[in-house]
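> sequence first, then the predicted structure, then my questions.
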Amino acid sequence: MTSGDPSVARPLECERLAETLRGLRARTGLSLAALAAKTPYSKSSWDRYLNGRTVPPRQAVAKLCELAGEDPGRALALWELADAVASGRAAGGGASAGRAAGGRPPTGVPAPAPAESLLPSVPRPARRGLIAAVMGGGLTVAALVLALAATGAFSESGSSASPSPSPSASVPVQGCHGTGCTGKDPETYGCGADPVPVTLGRQSFPGPTVVKIRHSTVCGAVWARIDLGKVGDRAEILVPHHAPWRIEVKDRYDAKDSLSTPMVAATPSDLDQVRACLVRDGKRRCFGPEQ
């Protein structure tokens, strides 16, 4: 979820996650530039994550916990709650939807079981924090269960006072390859991180704007990236026999950042025919890989 307008109220779950991330970043002692240098995410991306304008990828939260020397369990549980609201997975759409009709739950919907009853094996300090996050934000019990499951609260070792970090906390939630990557975000699915993707071609445009064709051999996909675009710019990626995918620079925050289109599957024989385009002021300018 992204909200470029600071006046737009964001869900409480997202605000709580952002507050936790700011605390973690303070513990690292790193500036935004240093944080960007140590992670696959740009300075502007971290600015959005820390200010609650965007729910970050799960692996970004895990990496920040690692840099801060903190157990990722609580932060990842908060991420699950925020992501559930931002993605619409939380029934009823989260806090704002829960109060849409005068603060009353919809009629005909069974009242949820007390949150406390779902936490038999969670240490009490973590239990109180998660119950407060759920009850204060108006999330459903299902969202609470989802968050707890992510932290391993229902495992046999859940009664331990200090749950051990997940060994996969710093890797993407899931990967993709080829056609399975089409339409997906390269950063979220780890295709834009490690190993670093190849830039097949790049084109500079008036001002500081640069558009690149990026290719991940591991993911078998390509995408276009626009750096420092103008508000209203649109970057597109074109691959033979596939529909075009695009990303738009919507606000001043986007204009300070690097934005990527969704990915498109590309075989080695497709690469010479891949094209990226910048649409600015109604004019489309396209280019291909550098020879």
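Cool, got the structure.
> quick check: buried residues in the helix or strand hosting Leu78?
Assigning secondary structure by DSSP states H and E places Leu78 in helix 73-87. By neighbour count, and taking 16 or more other Cβ atoms under 10 Å as the criterion, the buried residues in helix 73-87 are 73-86. Quick note: C-beta positions are derived from backbone N, CA and C, even for glycine.
> what angle do the longest helix that the chain contains and helix 73-87 make?
Using DSSP state H to assign secondary structure, the helix with the most residues in the chain is helix 12-28. Taking axes from the mean of the first three to the mean of the last three Cα atoms, to 10 degrees, one finds helix 12-28 and helix 73-87 inclined to each other by 140 degrees.
> packing partners of the helix or strand following helix 12-28?
Sequence order places helix 32-38 as the next helix or strand after helix 12-28, per DSSP H and E. On a contact count with 3 or more Cβ pairs under 8 Å, 6 or more residues apart in numbering; DSSP states H and E, helix 32-38 meets helix 43-50, helix 58-68.
> which residues are contacting stretch 281-289?
By Cβ atoms under 8 Å, 6 or more residues apart in numbering, the surrounding residues in contact with stretch 281-289 are 200-201, 203, 205, 211, 213, 232, 236, 238, 271-278.
> in this protein, what secondary structure element scores lowest on mean pLDDT?
Taking mean pLDDT, DSSP states H and E as the measure, the helix or strand of the chain with the lowest value is helix 95-98, at a mean of 42.
> about what we covered before: which one of the buried residues of helix 73-87 is nearest Pro56?
Trp79 (7.6 Å; Cβ to Cβ).
> for the closest one, which non-adjacent residue is closest in space?
Nearest residue to Trp79 in three dimensions, chain neighbours excluded: Val61, at 4.8 Å (Cβ to Cβ, 6 or more residues apart in numbering).
> what lies in contact with the helix or strand hosting Arg202?
Secondary structure assigned from DSSP H and E places Arg202 in strand 198-204. Strand 198-204 has contacts (Cβ under 8 Å, 6+ apart) with 210-217, 222, 271, 274, 276, 278, 285, 287-290.
> after it, which helix or strand is next?
The first helix or strand that comes after strand 198-204 along the chain, using DSSP H and E, is strand 210-216.
> so how far is Pro40 from the residue nearest to Trp79?
From Val61 over to Pro40 the distance is 13 Å, taken as Cβ to Cβ, to the nearest Å.
> who has more neighbours, the two?
Just comparing Val61 and Pro40: by other Cβ atoms under 10 Å the higher neighbour count belongs to Val61, 26 against 16.
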